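>>> sequence-free structure coming up:
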Ligand SMILES: O=c1ccn([C@@H]2O[C@H](COP(=O)(O)OP(=O)(O)O[C@H]3OC[C@@H](O)[C@H](O)[C@H]3O)[C@@H](O)[C@H]2O)c(=O)[nH]1
């Protein structure tokens, strides 16, 4: 099928990504919000349906339970190939599976790209540089990897995945993009992820010792997930086929990082030194001059801001887990006149998502809208809990208008937009009722 025909059939790009994991689910949010049709493919080895459930029911969204180690036959224009466990304990847990995913999985995705004429973006990693002898790491550096060490399944798996991309580009003309992703953190990381950010935050929140492997003098530079997602999308849509580093160049020792998290959580946790991990890279920091120059991209979220959001996310996860269900905090069912209604306790991320949807006039179908409301409700918003429980009302006419009205009424726009008046999805203008009785 030619590109033109495909464009005729699918007026908007139709990307696919194994997107129920940490990074994939944030990428899915961005692509959906930008109006694309998205097919998420995931085997749920480390991904979770919960991360993308708010899109289930949306006409532009499809979720396929599939392992990329098996061939896949779908029609797409762009492929974000993110499949692979990324946390060292996860990828070392089943090294053969990690190797299969990164080798056979990548071959299958490149085969798919070749068959349908799609562009493929490989989520590669800073781990291709191994324990680097060059600092900071630029794309020209070939790396220093132990090919038989415990990290090799991932490091070498990603290195050969890059090799495969360029072989398909040269031999078959497949359009490829390669993002070398440096340490990334944010909400939707799994509680058992095992990487340093989730470990330290969870330990600090629970008063457990923060486990520093080795002396803590090894360094890393951490980027917030929204910066990464913006970088991935801009790389996909660029004309740069050679590898590009995506990361935040602000470098810290792991010990400094432990202290920073302790202070942000205001935790009394001790710091506990454990034996050093084998082949642990000692220094890592991205050289991002190429991304800046060629993509106009650089991270914008300050470390502390990203960490505070992530701390908030993990506090809720802990609360949710402790109760096995979220017990809402007591709140008056009706707010007093003049007092702003808001989703206090609701996740900023969900608020942002709903607001962005309303601002960009993305259609929130009843099911997706209800799921968002339910999620907000689970986060402790008395108002949205009521709205969710009145879900049947949304099935009737003007559902999106009702949904928009609910959110206009209860949620402050985090970016200050939507003041005073709004327009519903049906085009019917309505007044912002925030702060007054409805
Ligand atoms: O509890 C912990 C966890 C980790 N660490 C240390 O913190 C540093 C960072 O470790 P992480 O497990 O978060 O991540 P690593 O940097 O080793 O690997 C990561 O690199 C980039 C990505 O591609 C991957 O997400 C991941 O492989 C390491 O030095 C590690 O030894 C601790 O000191 N304590």
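The structure has been received and is ready for your questions. Computed from a prediction, not measured in an experiment: that's the story for all the values here. Residues are numbered from 1 along each chain as shown.

>>> shaky segments in the stretch 51-200 of the chain?
Scanning the stretch 51-200 of the chain for pLDDT under 70 picks out no residues.

>>> which parts of it sit against the ligand?
86, 87, 88, 125, 126, 127, 181, 183, 195, 196, 199 (Cβ under 6 Å from any ligand atom). No exception for glycine: its C-beta is placed from N, CA and C like everyone else's.

>>> what do you get for the stretch 251-400 of the chain?
Selection of the stretch 251-400 of the chain residues close to the ligand by Cβ under 6 Å from any ligand atom yields 254, 277, 280.

>>> Neighbours of the first one, how many?
Just to be clear, that refers to residue 254. Neighbours of residue 254 under the rule other Cβ atoms under 10 Å: 20.

>>> Residue 295 is in contact with residue 234, isn't it?
Yes - here residue 295 reaches residue 234: they are 4.8 Å apart, a contact under Cβ atoms under 8 Å.

>>> what's the closest of the residues of the stretch 251-400 of the chain next to the ligand to residue 158?
Taking Cβ to Cβ as the measure, residue 158 sits nearest to residue 280 out of these, at 17.0 Å.

>>> can you give me the strands for the stretch 151-300 of the chain?
176-181, 184-185, 210-213, 219-221, 223-224, 244-246, 251-253, 271-274 (DSSP state E, counting those that start in this stretch).

>>> just these: most buried one?
strand 244-246 (a mean of 26; mean count of other Cβ atoms under 10 Å).

>>> contact partners of it?
126, 137-139, 177-182, 223, 227-228, 231-232, 235, 286-288, 290-291, 294-295, 297 (Cβ atoms under 8 Å, 6 or more residues apart in numbering).

>>> Now list the buried members of the residues of the stretch 51-200 of the chain next to the ligand.
86, 87, 88, 125, 126, 127, 181, 183, 195, 196, 199 (16 or more other Cβ atoms under 10 Å).

>>> Against residue 229, how distant is the fifth one?
In this structure, residue 126 lies at 17 Å from residue 229, with Cβ to Cβ, to the nearest Å as the measure.

>>> Same question for residue 208.
With distances taken as Cβ to Cβ, residue 208 is found 31 Å from residue 229.

>>> If you count surrounding residues, which of the two has more?
Remark: of residue 208 and residue 229, residue 229 carries more neighbours, 23 against 14, as counted by other Cβ under 10 Å.

>>> Would you confirm that that one contacts residue 27?
Yes - assessed by Cβ under 8 Å, residue 229 is found in contact with residue 27 at 5.1 Å.

>>> In helices, which of the buried ones among the residues of the stretch 51-200 of the chain next to the ligand appear?
Residues of those located in helices (DSSP state H): 88, 196, 199.

>>> Which residues are in contact with the second one?
By Cβ under 8 Å, 6+ apart, the contact list for residue 196 reads 183, 220, 254, 257.

>>> again with residue 254
Per Cβ under 8 Å, 6+ apart, neighbours of residue 254: 196, 212, 213, 214, 216, 217, 218, 219, 220.

>>> rerun at 6 Å
212, 216, 218 (Cβ atoms under 6 Å, 6 or more residues apart in numbering).

>>> And stretch 260-271, what's buried?
261, 262, 264, 265, 267, 269.

>>> farthest-separated two in those?
Applying Cβ to Cβ across the buried residues of stretch 260-271, the maximum distance is between 264 and 269, 12.0 Å.

>>> sorry, back to before: can you select the buried ones from the contacts of strand 244-246 in ChimeraX?
Restricted to buried positions by 16+ other Cβ under 10 Å, the ChimeraX selection for those reads:
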select :126,137,139,177,178,179,180,181,182,223,227,228,231,232,235,286,287,288,290,291,295,297
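
>>> For residue 134, give me phi and psi.
phi -120, psi 140 (degrees, to the nearest 10).

>>> Setting aside sequence neighbours, what's the nearest residue to it?
Closest residue to residue 134 apart from its sequence neighbours, by Cβ to Cβ, 6 or more residues apart in numbering: residue 141 at 4.7 Å.

>>> hang on, the one you found in a helix?
No - under DSSP: H, G, I helix; E, B strand; the rest coil, residue 141 falls outside any helix and is assigned coil.

>>> For it, grab the count of nearby residues.
17.

>>> thought it was touching residue 133?
No - between residue 141 and residue 133 there is no contact under Cβ atoms under 6 Å: 8.5 Å.
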